[in-house]
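Colleague: For reference, the sequence and a predicted model appear below.
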Amino acid sequence: MHKKLLSGFFKSASKMLNKPGEIHVSHKNDYPYNKWEIKKLANNAGLQLEKQNFKNPIIRGTVIREVEMLSLTKSSF
C-alpha cells in the first residue's frame, strides 16, 4: 500500500516538476523500507534518484531516526 502511494506521488510530481527542479524524500533505510525499490519507482515516473546526507530537519520537533535523504530530479528520458 505505501509503495503504491509513493509511486503515485512520484508520477504526479513528475508532471508538475520543471527542469532542473527537485523533490526531496526521506525514508528509513532498514527492512521493510529497503525492499520498496524506490529507485525503480522514481525511474518509472521519469525521475532520477540521488542519495544525499540527511540535513537537520526544517520542521521544529522533528526527531531524526535512521533515514536516507533522496533527491529526485526530472530525467532526460
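Modeller: Looks like it came in fine.

Colleague: where do the helices sit along this structure?
Modeller: 2-16, 38-44 (DSSP state H).

Colleague: now for these, which one comes closest to S26?
Modeller: Of all the helices of the chain, it is helix 38-44 that lies closest to S26, at 11.0 Å by C-beta to C-beta. Quick note: C-beta positions are derived from backbone N, CA and C, even for glycine.

Colleague: What helices and strands are in contact with that closest one?
Modeller: Secondary-structure packing of helix 38-44 (3 or more C-beta pairs under 8 Å, 6 or more residues apart in numbering; DSSP states H and E): helix 2-16, strand 47-52, strand 67-74.

Colleague: Grab the nearest non-local neighbour of H27.
Modeller: Y33 (5.5 Å; C-beta to C-beta, 6 or more residues apart in numbering).

Colleague: And the pLDDT for the one you found?
Modeller: Looking at Y33, its pLDDT stands at 82.

Colleague: Likewise for L41?
Modeller: pLDDT at L41 comes out at 91.

Colleague: Tell me who's in contact with it.
Modeller: When contacts are counted by C-beta atoms under 8 Å, 6 or more residues apart in numbering, L41 touches 3, 6-7, 10.

Colleague: can you pick the most crowded of those?
Modeller: With neighbours taken as other C-beta atoms under 10 Å, the top of the contacts of L41 is F10, carrying 22 neighbours.

Colleague: Verify the stated contact: it with N43.
Modeller: No - F10 is beyond contact range of N43, at 9.2 Å (criterion: C-beta atoms under 8 Å).

Colleague: Quick one: closest of the helices of the chain to H27.
Modeller: Once the helices of the chain are compared by C-beta to C-beta, helix 38-44 is nearest, at 6.8 Å.
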